[in-house]
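In: no FASTA, just this:
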């Protein structure tokens, strides 16, 4: 059974946004369900801090047991930081997707856009389908 | 009794989940690396709902392909210096380096949600390959294997989980990418390809070039790979191989099957993508210095 964390926003591409301590800046990562579907993550390719992305623009790739998938920026924003630890330990995406396995810190252009994303209940229903 | 009933329910559920796709089999000739990768990518990108495509092809010239995220290492560079006739291309899919020469290459493009997701699709496609090989009289199975990162060295060094092996050695190396709403899986069935220059320390001596001699395959065996030339007395003709794998895929993947060609839209897309797969920016995107 996949964990769906409370208080986060979710996309249909199985990514989440989670508040950081800094207003307007959110952690972005993939959900517990997504990591389970992918299997053991062996590589994560991430952008540079300062890069900006439009909604649904590809910001990187994730590779798991030879399968590569694109990663999509859920909402428009600027990269504040990337999780460089994933370079050495990409398995954190599997073991702690909502914690140490975060990928980006994204300064969201328009926080109102988050309202368009799913809450935990809606996302839970999606993965139950 | 309860366990048997549970298994029956699981099988019924699995049948219900099978999408019954309309499949097309495309057979191409031998093409350069960038054209082959562009055509595979185009098949996935232009995939229509309810459809699936299987493509069989070869390579000319012999080509070293790198995984999407695999570092181009000094060893690969040295190999290409020793074998300047060999092409090089970076794949859209994950995994590790392969020398494509005497092999049958397959590509399967199918909806990402088919069979419940890419991992299950990977298993199904590999089961299709096993069925095709058994049709040829080859006792192939899927491997237990372990998880291998892109830095783990060439593809045929050892099997990863779910890959097709014969006598415990790897006969087919496969990799996957999710492209939009589709999954692309492609891979190499070794007919007699010599993976030794990649597997055996890469130092090379000019006698292990791709396509050199027909006993190179036996040397591959020593380091974990196996070829059809070793397993069968005679490697079947290309058409027979295509028929056998088509039969295997049809049996395992179900749905309806017909032979066909790329559509105008796929050809146009492939021509566009060929520029990307032929570009230095793409090919050398991850390079490890010596």
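Out: Thanks, I have it. All values reported here derive from a predicted model rather than from experimental measurement.
In: check contacts around residue 46.
Out: Because you didn't say which chain, this covers chain A. By C-beta atoms under 8 Å, 6 or more residues apart in numbering or on different chains, the residues touching residue A:46 are A:59-60, A:82-83, A:86, A:103-104. (C-beta placed from N, C-alpha, C; glycine too.)
In: hmm, I had chain B in mind actually
Out: B:263, B:265-266, B:269.
In: helices along the chain, start to end?
Out: Using chain A. A:32-38, A:85-88, A:92-95, A:120-128 (DSSP state H).
In: nope, chain B
Out: B:2-17, B:33-45, B:74-82, B:118-135, B:196-199, B:216-221, B:228-231, B:238-253, B:264-277, B:280-283.
In: is the longest one in proximity to chain A?
Out: This means helix B:118-135. Yes: counting by C-beta under 8 Å from any C-beta of the partner chain, contacts between helix B:118-135 and chain A involve B:118-119, B:122.
In: who wins for neighbours among these?
Out: Highest neighbour count within those: residue B:118, with 27 neighbours (other C-beta atoms under 10 Å in any protein chain shown).
In: mind listing what residue A:82 touches?
Out: A:46-49, A:103-105 are the contacts of residue A:82 under C-beta under 8 Å, 6+ apart.
In: tell me the pLDDT of the most centrally placed residue in chain A.
Out: With distances taken as C-alpha atoms, centre = their mean, residue A:29 lies nearest the centre of chain A, 2.0 Å away. The confidence metric pLDDT takes the value 97 at residue A:29.
In: from residue A:119, how far off is the closest residue to it other than its chain neighbours?
Out: Counting by C-beta to C-beta, 6 or more residues apart in numbering or on different chains, residue A:102 is the residue found nearest to residue A:29 once chain neighbours are left out, at 4.5 Å. Residue A:102 sits 19 Å away from residue A:119, going by C-beta to C-beta, to the nearest Å.
In: which of these two has more residues huddled nearby?
Out: Higher neighbour count among residue A:102 and residue A:119: residue A:102, with 24 against 15, using other C-beta under 10 Å.
In: before we move on, the earlier item: of the helices of chain A, which is nearest residue B:43?
Out: With C-beta to C-beta as the criterion, residue B:43 lies closest to helix A:32-38 of these, at 22.3 Å.
In: does the closest one reach chain B?
Out: Yes: using C-beta under 8 Å from any C-beta, helix A:32-38 comes into contact with chain B via A:37-38.
In: name the residues that touch that helix?
Out: The contact list for helix A:32-38, computed with C-beta under 8 Å, 6+ apart, reads A:2-5, A:14-15, A:30, A:41, A:62, A:64-65, A:67, A:69, A:93-94, A:97-98, A:101, A:127, B:117-119.
In: which of the contacts of residue A:46 fall in strands?
Out: A:59-60, A:82, A:104 (DSSP state E).
In: what's the farthest-apart pair in the residues you listed?
Out: Farthest pair in these (C-beta to C-beta) is A:59 and A:82. Separation: 9.4 Å.
In: shared neighbours of those two, anything?
Out: Joint contacts of residue A:59 and residue A:82 (C-beta under 8 Å, 6+ apart) are A:46-47, A:104.
In: spell out which parts of chain A neighbour chain B.
Out: A:37-40, A:42-43, A:45, A:61, A:63-70, A:90.
In: and residue A:18, how many neighbours?
Out: 16.
In: could you check how far it is from chain B?
Out: According to C-beta to the nearest C-beta, to the nearest Å, residue A:18 and chain B sit 24 Å apart.
In: so that residue is in contact with residue A:25, correct?
Out: No: using C-beta atoms under 8 Å, residue A:18 makes no contact with residue A:25, being 10.4 Å away.
In: re the thing from before, dump the shared contacts of residue A:59 and residue A:82 into TSV; add pLDDT as well.
Out: What follows is these, written out as TSV (pLDDT from 0 to 100):
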residue	pLDDT
A:46	95
A:47	96
A:104	97
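In: and of those residues, the nearest to residue B:99?
Out: Within the shared contacts of residue A:59 and residue A:82, proximity to residue B:99 (C-beta to C-beta) peaks at residue A:46, which comes in at 30.5 Å.
In: backbone dihedrals for that closest one, please?
Out: Backbone geometry at residue A:46, expressed as degrees, to the nearest 10, gives phi -120, psi 160.
In: which residue is the nearest non-sequential neighbour of residue A:73?
Out: residue A:53 is the one closest to residue A:73 (C-beta to C-beta, 6+ apart), at 3.7 Å.
In: still on that earlier bit, pull out the buried members of the contacts of residue A:46.
Out: The neighbour count (16 or more other C-beta atoms under 10 Å in any protein chain shown) marks A:59-60, A:82-83, A:86, A:103-104 as buried among the contacts of residue A:46.
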